[in-house]
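What follows is a protein structure lacking sequence information:
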C-alpha cells in the first residue's frame, strides 16, 4: 500500500525529500527516450504534411525501444525495484527474504549470460553473413551487437546485487 502524502519523507515539513541518486542508466535512458520521441514526432509531422513516411524511423524506433527496455531493466536491478511476487516477499522472514532475493539474483545472472551468449552468436552471424536491415540497408550487426553488450551489463548489475546481499553491513 502506498504511503499517504503526509507519511512520505519531507511531506508537511520544512526538510526537503531525499534526492534519488541518478545512475548512468538514467541518463542513457533519457537520451534514448528523447531520440525515440524526436524521430517519432518527425515521422508524424512529415507523414501529416506530405502523406509520405520516413522509412528508417520504424526500424530505428524498434532498436531504441529494445535498448531503452534493457537500460531501464538495469536501473531496476540496481534499485531492487524489479517485479516480484508480493505475497512471498511480504510474509518472508529476513533470512527467507535474503534467500529468495539471492535465488532471483542468481537466476537473473544465468539468464542474462545465456542471452549474452545467444545474442553474441546472432550478432556474429549477422556480421559473418553480411545481413542488412530491411528498411535502410544498414549492416544488421550494428543493431544486434547491443543485445549481448546490454545483457552483460544486466548480468553484472545482477551479480552486483547478489554481492550486496551477501556483504555484511557495518
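Yep, it's here. Every value quoted in this text rests on a predicted model; they were computed, and no experiment measured them.

Tell me which residues of stretch 152-165 come out buried.
152-155, 157-159, 161-162 (16 or more other Cβ atoms under 10 Å). (Glycine included, C-beta is placed from N, CA and C.)

Quick one: residues in contact with it.
Residues outside stretch 152-165 that contact it (Cβ atoms under 8 Å, 6 or more residues apart in numbering) are 70, 73-74, 77-78, 80, 98, 101-102, 105-106, 108-109, 112-113, 116.

top of the residues you listed by neighbour count?
residue 112 (26 neighbours; other Cβ atoms under 10 Å).

What does that one show for phi and psi?
Phi and psi for residue 112, reported as degrees, to the nearest 10, are phi -70, psi -30.

so it touches residue 151, yeah?
Yes. With contact defined as Cβ atoms under 8 Å, residue 112 reaches residue 151; the gap is 4.8 Å.

Report the separation between residue 89 and residue 47.
Look at residue 89 and residue 47: by Cβ to Cβ, to the nearest Å, they are 46 Å apart.

My error: substitute residue 21 in the last question.
Residue 21 sits 40 Å away from residue 47, going by Cβ to Cβ.

Please apply the same query to residue 142.
25 Å.

pretty sure residue 146 contacts residue 64?
No. If you go by Cβ under 8 Å, residue 146 and residue 64 don't touch, sitting 10.2 Å apart.
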